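> Structure of the sequence below:
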Amino acid sequence: MNKNYWLIISILVLVVFTFAIFISKAAQFEKEGNLLTVKSCDGKKTIFVEGFKEGEKMSKEKAQVVANLLMDLIKICNQEVIAKLKEDNSVIVLNDASLILPDLKPGKTPVLLAHGGQPHTKKEIKLFESEEKRMIDEGYKVFHDSSLGTNGISCDMCHPDASNTHAETYPKFQTQLKKVATLREMINWCIENPLEGAKLKHDDPKMIALETYITSTRKGKVLEPGKH
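Below you'll find the predicted structure:
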C-alpha cells in the first residue's frame with residue numbers, strides 16, 4: 001500500500017478520535033445533572049450553564065450573561081459550538097471550535113484566530129438572493145390567487161401590486177382587530193373577511209411567501225412601526 005493510503009487512514013482515525021472525545025465531553029456535562037442547557041436561536045450554539053439544573057430558572061443577571069454569550073457566538077462563528085459557562089462566568093469550549101476561538105468572556109466579542117466571522121462568499125450571497133427571489137415569486141402567485149378565499153376575490157384586487165399594505169408600519173394598532181397586530185395577523189384578517197377564506201397558520205409556507213412578497217415591495221422604506 002502506498003504512503004497516500006496510510007496518510008488518509010491516519011487522518012480518518014484522527015478525525016474519528018477527535019469526534020469521539022467531543023461527544024464524550026458533551027455527554028459528560030449533560031449526565032452530571034447539575035447543568036442547565038441553553039441553545040441559540042440558530043440551533044448551532046449550546047451552552048451548559050454551571051450551577052443551574054435543567055428546568056431551573058436563572059437569575060436575571062445570569063440569564064443576561066448567557067444571552068450575551070450566545071449572541072457573541074452567533075456574530076463571530078457560523079459553525080456549531082458547544083461550551084460550558086462556569087459559575088465565575090469563564091467559558092470552556094468543548095468541541096473543535098476551541099481551535100478557532102480564543103479564551104471567551106461573555107459580553108465581549110472574542111477575536112477570531114482563523115475562520116469564522118468572515119463576510120459571506122459571492123456563492124452564498126447568490127444562493128441567498130436566489131432563495132429570496134423564489135419566495136417573492138411564490139408570494140406574488142399566492143397574492144394573485146383567489147383560492148385563498150371562497151368568493152373569487154384575491155388580495156391584489158384590493159391591493160394592486162401590494163399597494164397600501166405598508167409592511168414597514170407593523171406592528172401597529174388595528175381598529176378591525178382592536179389590538180396591536182402584526183403583518184401576518186392583518187393578512188389573515190383580509191383572508192377571513194374580504195376573501196371569506198380560512199386563516200393561515202403563521203408558519204404556513206403560503207403565509208411566509210405572502211409576507212416576503214408584501215415586504216419586498218416596501219424595500220428601502222424607513223421602518224415606522226405604529227404609523228397610521
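
> Helix or strand: which one has C41?
Of the helices and strands defined by DSSP states H and E, none includes C41.

> how about it, what does it touch?
With contact taken as Cβ atoms under 8 Å, 6 or more residues apart in numbering, C41 is in contact with I74. C-beta coordinates here come from the backbone N, C-alpha and C atoms, glycine included.

> Next, work out how far apart it and E138 are.
Distance of C41 to E138, given as Cβ to Cβ, to the nearest Å: 24 Å.

> would you list every one of the strands in the protein?
When assigned using DSSP state E, the strands of the chain occupy the ranges 35-39, 45-50, 81-85, 91-93, 172-174, 179-181.

> Most tightly packed of those?
Ranked by mean neighbour count under mean count of other Cβ atoms under 10 Å, the strands of the chain are led by strand 81-85, which reaches a mean of 23.

> Who are the packing partners of it?
Packing contacts for strand 81-85, counted by 3 or more Cβ pairs under 8 Å, 6 or more residues apart in numbering; DSSP states H and E, involve helix 3-31, strand 45-50, helix 60-76, strand 91-93.

> do you know how far the spatially most central residue of the chain is from M71?
When the chain is reduced to its mean C-alpha position, the closest residue under Cα atoms, centre = their mean turns out to be D42, at 4.4 Å. Distance, D42 to M71, by Cβ to Cβ: 11 Å.

> what's the nearest residue to L73 once chain neighbours are set aside in contact with, if anything?
Leaving aside its sequence neighbours, L73 sits nearest to K45 (Cβ to Cβ, 6 or more residues apart in numbering; 4.7 Å). Residues touching K45, when contacts are defined by Cβ under 8 Å, 6+ apart, comprise 39, 70, 73-74, 80-83.

> Go through the residues you listed and name the one nearest G226.
The closest of those to G226 turns out to be I74 (Cβ to Cβ; 28.2 Å).

> The closest one reaches S40, doesn't it?
Yes: between I74 and S40 a contact is recorded at 5.8 Å, counting by Cβ atoms under 8 Å.

> Noted, bye for now.
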